[in-house]
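In: Here you go, sequence then predicted model.
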Amino acid sequence: MTALDAITRAHRDEWARVVASLARRFGDLDIAEEAAAEAFATAVERWPADGVPPNPGGWLTTTANRKAIDRIRRENKRDDKHREALVLSVVDPPPPVSAIDDDRLRLIFTCCHPALAMEARVALTLRMVGGLTVPEIARGFLVQETTMGQRITRAKGKIAAARIPYRVPSARDLPARVTGVLAVLFLVFNEGYLATGPDTGPLRPDLTAEAIRLTRLIRALLPHDGEVAGLLALMLLTEARRPARVSADGSLVPLASQDRASWDGSLIDEGHRLVRERLSSGAAPGRYQLLAAINAVHTDARDADDTDWSQVVALYDQMVRLDPSPVVALNRAVAVAEVEGASTGLDLLDELGDGLDGYHALHATRAELLRRLGRRAESRAAYDRAIALAGNTAETAYLSRRRDELGD
């Protein structure tokens, strides 16, 4: 992790507020992001020698404003006196009236503009507001870094070319933008649940906690939205297992081997209540509601052998109809293998083709199923491939141990 990454993550809330303030003031998300980055880079140079200022957020905001003004003056891109007066004003204009009080959540909703394609708005928001790096975002989307970098650049270009305004969304704008916002928070949570960066710990509780906090705020804003409730339930039921997910030696502990007594019972109870609430509504469940229901089945079992895998398969059958993606098909194959055996599960993996060849979970799953079938050499080769692709240190340690248990 670079010094800039360290300071940005340590002052994540300030980053969101600085970007929001600059974007509101100058009406340009690109300028806001770059000026904020320059301010944080300046902090990297000065704070180790001068010490962290008493008000880091105020220091960063003031520095970023100066950087933005310098850039605008240098490039001479502002062509009317009103803009010049706005730039030189000492006092920021009052923020527009918004249904959203939280700075970061307001900026996420603002960036998730419906004029952008869904993947573009999610990627751009993750980069500007979520604090994720381009490599982390690329891994979340299962694409190359260069592809993701180009996608983010094109999204910024479209904002500039189409003159999409930086406008704080009103209450009536929220339903049209919430799908993108939920996708952003889901990916932020996933990065915290199983961090993919080589310079981070295996788990990032700061990201999972922030994703849960923001999803709770959306739940208060849109209490009747089933997918908001579903995502919150999914996060809670997943976060409840965090204390049992990494062993003392730093190795990932799979679900079947976790100490269920160490799970957070209060989070599980809350997650189960949300799932039951959605089931009793009678409305057709969406993707996040189905994922939450699957996690409810797992967390309802007293031990791994008590898991109702047939119910999990039935829920994945519904998921495939909603989201026929290779990742969903992979997860369904894992569940089917528990019901019908490793051979059937392996056949389903073979049907996926090469679309997930760069995804470590595919090879880890194949290794485990081959192991159960006694095909040791093939299993070892699959473990080698999974280890080469995995970026999480705890997961790599677990896969290495499983491979070494096979012997030569």
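Out: Great, that's in hand. Numbering: from 1, shown residues only.
In: how deep is Glu378 tucked in, by neighbour count?
Out: By other CB atoms under 10 Å, the residues close to Glu378 number 16. Glycine gets a C-beta too; all of them are placed from N, C-alpha and C.
In: Touching, it and Leu370? I think so.
Out: Yes: between Glu378 and Leu370 there is a contact at 4.8 Å, judged by CB atoms under 8 Å.
In: where does this structure have its least confident helix or strand?
Out: Least confident helix or strand, the chain: helix 81-88 with a mean of 48, by mean pLDDT, DSSP states H and E.
In: so for the helix or strand just after that one, what's the average pLDDT?
Out: Downstream of helix 81-88, the next assigned helix or strand under DSSP states H and E is helix 103-111. The average of the pLDDT scores along helix 103-111 is 80.
In: Give me the mean pLDDT for the next helix or strand after helix 103-111.
Out: Once the chain leaves helix 103-111, the next helix or strand it forms, by DSSP H and E, is helix 118-128. The average pLDDT within helix 118-128 is 74.
In: Mind giving me the packing neighbours of helix 118-128?
Out: Packed against helix 118-128 by the contact rule (3 or more CB pairs under 8 Å, 6 or more residues apart in numbering; DSSP states H and E) you find helix 29-50, helix 103-111, helix 134-141, helix 145-161, helix 174-193.
In: Give me the number of neighbouring residues for Ala314.
Out: Counted by other CB under 10 Å, the residues lying close to Ala314 total 15.
In: any idea which element it lies in?
Out: Judged by DSSP H and E, Ala314 forms part of helix 309-322.
In: List of residues touching that helix?
Out: 285-287, 290-291, 293-294, 297-298, 328-329, 331-332, 335-336, 338-339 (CB atoms under 8 Å, 6 or more residues apart in numbering).
In: hmm, 7 Å instead?
Out: Applying CB atoms under 7 Å, 6 or more residues apart in numbering, the external contacts of helix 309-322 come out as 286-287, 290, 293-294, 297, 328-329, 331-332, 335-336, 338-339.
In: Serialize these to CSV and add fields for pLDDT, secondary structure and distance to Arg401.
Out: Putting these into CSV (pLDDT from 0 to 100; DSSP: H, G, I helix; E, B strand; the rest coil; distance: CB to CB, whole Å) gives the following:
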residue, pLDDT, secondary structure, distance to Arg401
Gly286, 95, coil, 37
Arg287, 95, helix, 33
Leu290, 97, helix, 32
Ala293, 97, helix, 32
Ile294, 97, helix, 27
Val297, 97, helix, 28
Val328, 95, helix, 28
Ala329, 96, helix, 28
Asn331, 96, helix, 23
Arg332, 97, helix, 27
Ala335, 97, helix, 24
Val336, 98, helix, 26
Glu338, 97, helix, 22
Val339, 97, helix, 27
